[in-house]
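>>> need coordinates for the following:
(one chain, ligands or ions: 2)
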Amino acid sequence: MASSGQKVVLITGCSSGIGLRIAVLLARDEKKGYHVIATMRDLRKKDKLVEAAGNCYGKTLTLLPLDVCSDESVKKCIDSVKDRHVDILINNAGIGLLGPLESISMEEMKRVFETNFFGVVRMIKEVMPDMKKRRSGHIVVMSSVMGLQGVVFNDVYTASKFAMEGFCESLAVQLLKFNVNLSMIEPGPVHTEFETKMMDDVSKMEYPGTDAETVRYFKDVYLPSSIDIFEAMGQTPQDIARCTKKIIESSQPRFRNLTNSLYTPIVAMKYADETGGLSVHAFYNLLFNFGPLMHMAMSILKCLTCSCLRRRTIFPD
Ligand SMILES: NC(=O)C1=CN([C@@H]2O[C@H](COP(=O)(O)OP(=O)(O)OC[C@H]3O[C@@H](n4cnc5c(N)ncnc54)[C@H](OP(=O)(O)O)[C@@H]3O)[C@@H](O)[C@H]2O)C=CC1
Ligand SMILES: CC1=C(/C=C/C(C)=C/C=C/C(C)=C/C=O)C(C)(C)CCC1
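Ligands and ions are numbered 1, 2, ... in the order given. Next comes the predicted model:
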């Protein structure tokens, strides 16, 4: 149970990756400023979190089951929080989806929206009315750089994060009237199970209904570039956890928060040309015309990011 002065933070998707790291970082806060309710849809996956939390487990960190895709599970979880009082809601749970559109079923696409978009909406609907009544609270949403800029072969995942950005941009205005903050976090690539799950899925993919030329662009052009980008620009889940802590501890939290300054030019390019042509053509050229050059640039970047460029992350240690 939270002691007085402690903020109650509820986090979704804490079985691995970013959610797990945020939960542990906040639970281990030196000032013991947080009572963390770490949630996951399958409590059988709790061992990694429990181990990482160490002696915080059962003190500043408790566990609850929560599946963001189920109305019943979401309600049951929030009802079991004392007085339904959540000061900070961190919507982290999410899934990826990668590959040529032709080979992805409508069912898979709906699952992505059900988790990444409606999962967040469901959580916010359950927690927001109490925050509005109390005239205080902070809702954080783990978006993505793909919530701001489309990336080829990530069409549906990108769409789910764009949907989230539009939803939050609209809601933030109303919430401000009730003194409730809303912040989006937009990481670029982060080394978590998200990356490994997507690569696993891709290796099993059979591309039904996709022509050979598209499969070739995906496998031989996109995938190698994407692996390069993960290696050169990838952050750790701990980096994102530190950004998140900084955002929730800010007296005036920003609405949008890119975690990797190396992505700033990509986002700036989008706003520099309202016709959208600049981004579309730049991405086309990067991928199809300058692939080998990009590989070289990424190798250089990879070498630099291990020391000097890493320090350029917006939220350094
Ligand atoms: N890794 C990256 O490159 C980036 C990730 N992000 C975003 O960060 C967030 C966290 O991802 P990350 O840590 O990288 O990936 P992980 O795959 O490591 O973690 C995702 C978490 O979400 C959980 N989850 C999935 N579906 C549900 C559900 N229906 N209900 C509750 N929990 C669920 C998973 O649980 P389970 O173990 O049960 O599957 C897991 O705990 C996601 O929203 C992702 O879109 C944003 C930018 C980049
Ligand atoms: C920037 C860039 C690329 C890939 C970007 C990737 C792979 C980003 C991954 C972001 C993730 C994983 C976000 C998760 O939410 C391309 C298309 C290869 C080539 C052009 C420039």
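
>>> quick one: furthest residue from the center of the protein?
Ala212 (32.3 Å; Cα atoms, centre = their mean).

>>> tell me the phi and psi of that one?
When read as degrees, to the nearest 10, the backbone of Ala212 gives phi -60, psi -40.

>>> kindly report the same for Leu66.
In terms of degrees, to the nearest 10, the main-chain angles of Leu66 are phi -160, psi 120.

>>> what pLDDT does it get?
pLDDT, Leu66: 98.

>>> and for Ile139?
For Ile139, the predicted pLDDT is 98.

>>> what about it, which helix or strand?
strand 137-142 (DSSP states H and E).

>>> can that strand be said to contact ligand 1?
Yes: applying Cβ under 6 Å from any ligand atom, one finds strand 137-142 in contact with ligand 1 at Met142. Using the backbone N, CA and C atoms, a C-beta is placed for each residue, glycine as well.

>>> show me what that strand is packed up against.
The elements that strand 137-142 packs onto, with contact taken as 3 or more Cβ pairs under 8 Å, 6 or more residues apart in numbering; DSSP states H and E, are strand 88-91, helix 119-134, helix 155-177, strand 180-186, helix 237-248.

>>> for that strand, which strands pair with it and how are they oriented?
With DSSP bridges as the test, strand 137-142 is paired with strand 88-91 (parallel), strand 180-186 (parallel).

>>> neighbouring contacts of the shortest one?
It refers to strand 88-91. 7-12, 19, 22, 34, 68, 119-120, 123-124, 127, 137-142, 244, 248 (Cβ atoms under 8 Å, 6 or more residues apart in numbering).

>>> before we move on, the earlier item: mean neighbour count added to the helices and strands packed on strand 137-142, as JSON lines?
Formatted as JSON lines, those follow (neighbours: other Cβ atoms under 10 Å):
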{"stretch": "strand 88-91", "mean neighbour count": "27"}
{"stretch": "helix 119-134", "mean neighbour count": "18"}
{"stretch": "helix 155-177", "mean neighbour count": "17"}
{"stretch": "strand 180-186", "mean neighbour count": "23"}
{"stretch": "helix 237-248", "mean neighbour count": "21"}
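
>>> ok, the closest residue to ligand 2 within the chain - how many residues close by?
Residue of the chain nearest ligand 2, by Cβ to the nearest ligand atom: Ser144 (3.0 Å). Using other Cβ atoms under 10 Å, Ser144 has 28 neighbouring residues.

>>> ok, now which ones touch it?
Contacts of Ser144 by Cβ under 8 Å, 6+ apart are Tyr157, Lys161, Glu186, Pro187, Gly188.

>>> would you list the helices and strands packed on strand 137-142 in CSV and tack on mean pLDDT?
CSV is the format used below for the helices and strands packed on strand 137-142 (pLDDT from 0 to 100):
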stretch, mean pLDDT
strand 88-91, 99
helix 119-134, 98
helix 155-177, 98
strand 180-186, 98
helix 237-248, 98
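
>>> for Phe288, find the nearest of these.
Of all these, helix 155-177 sits nearest to Phe288, with 16.9 Å by Cβ to Cβ.
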